[in-house]
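> Here you go, sequence then predicted model.
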Amino acid sequence: MSTATLDDPVSLAFAALADPTRRDLLTRLAGGETTLSELAARYTMSMQAVSKHLTVLERAGLIRRGRDAQRRPVSIQPGAIAPVTEWLQRYQEAVEERYARLDELLAALPPEPDDRQAASPAAPATPAPRSARRAPTSTRAARRQTPRSSS
């Protein structure tokens with residue numbers, strides 16, 4: 001079994017997507033290419049902070065930044081999510097196989113008796129009225145009622 005490092009594409013992508021701001025940036029970029037200024041205008045944070053988030057996404061290979069004269073376009077890297085999707089798909093298939101086996105096992109079990117039928121018919125369905133209940137007695141009350149013998 002191999003040990004994942006922070007250098008593999010899946011780990012880099014998950015680390016980048018762990019932050020909700022970066023996920024939101026990626027969602028906004030899914031709508032098409034834009035610039036840092038346009039992205040930063042939508043947030044209360046500074047342009048420098050947005051740029052740092054974009055740097056993390058870029059290092060993970062999820063976006064690309066270009067140069068077009070004075071314009072600095074930012075866009076999603078085509079196919080960047082593919083390694084993450086493939087990784088998740090493997091585990092989804094494994095989980096679905098386990099559920100299918102569990103369904104088969106459950107289907108093979110004999111049916112359980114209905115709880116209402118298993119209950120004793122002598123047991124009352126509702127509690128007895130207060131007048132029919134015995135009053136609790138304590139040992140202290142019983143001692144007080146017993147006359148003391150004088151010696």
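All right, it came through fine.

> where in the chain is pLDDT low?
The model of the chain has pLDDT under 70 over residues 1-6, 115-151.

> how much space between the spatially most central residue of the chain and residue 57?
The residue lying closest to the centre of the chain (Cα atoms, centre = their mean) is residue 18, at 13.4 Å. With distances taken as Cβ to Cβ, to the nearest Å, residue 18 is found 12 Å from residue 57. All C-beta spots, glycine's among them, are computed from the backbone N, C-alpha and C.

> now residue 28
Taking Cβ to Cβ as the measure, residue 28 falls 11 Å from residue 57.

> and if you look at residue 86?
Distance from residue 86 to residue 57, counting by Cβ to Cβ: 19 Å.

> the more surrounded of the two?
Comparing residue 86 with residue 57 by other Cβ atoms under 10 Å, the one with more neighbours is residue 57, at 26 against 10.

> Assign a three-state SS to the more buried one, would you?
Following DSSP: H, G, I helix; E, B strand; the rest coil, the label given to residue 57 is helix.

> so it sits right up against residue 63, yeah?
Yes. Shown here, residue 57 and residue 63 form a contact pair, counting by Cβ atoms under 8 Å, at 4.6 Å.

> And for the residue lying closest to residue 80 once chain neighbours are set aside, the neighbour number?
Excluding the flanking residues, the one nearest residue 80 by Cβ to Cβ, 6 or more residues apart in numbering is residue 62, at 4.6 Å. The number of residues packed near residue 62 is 23, by other Cβ under 10 Å.

> Residue 62 touches residue 26, doesn't it?
Yes. Counting by Cβ under 8 Å, residue 62 sits close enough to residue 26 to count as a contact (6.2 Å).

> which residues do the two both contact?
17, 76 (Cβ atoms under 8 Å, 6 or more residues apart in numbering).

> Show the contacting residues for residue 40.
Contacts for residue 40 (Cβ under 8 Å, 6+ apart) come out as 46, 47, 50, 51.

> I figured the second one was touching residue 53, is that so?
Spelled out, it's residue 47. No. Using Cβ under 8 Å, residue 47 is not in contact with residue 53, being 10.8 Å away.

> between these two, which one's more packed in?
Shown here are residue 47 and residue 53; by other Cβ under 10 Å, residue 53 has more neighbours (20 against 13).

> The more buried one: what's its closest spatial neighbour, skipping adjacent residues?
Using Cβ to Cβ, 6+ apart, the nearest residue to residue 53 is residue 22, at 5.1 Å.
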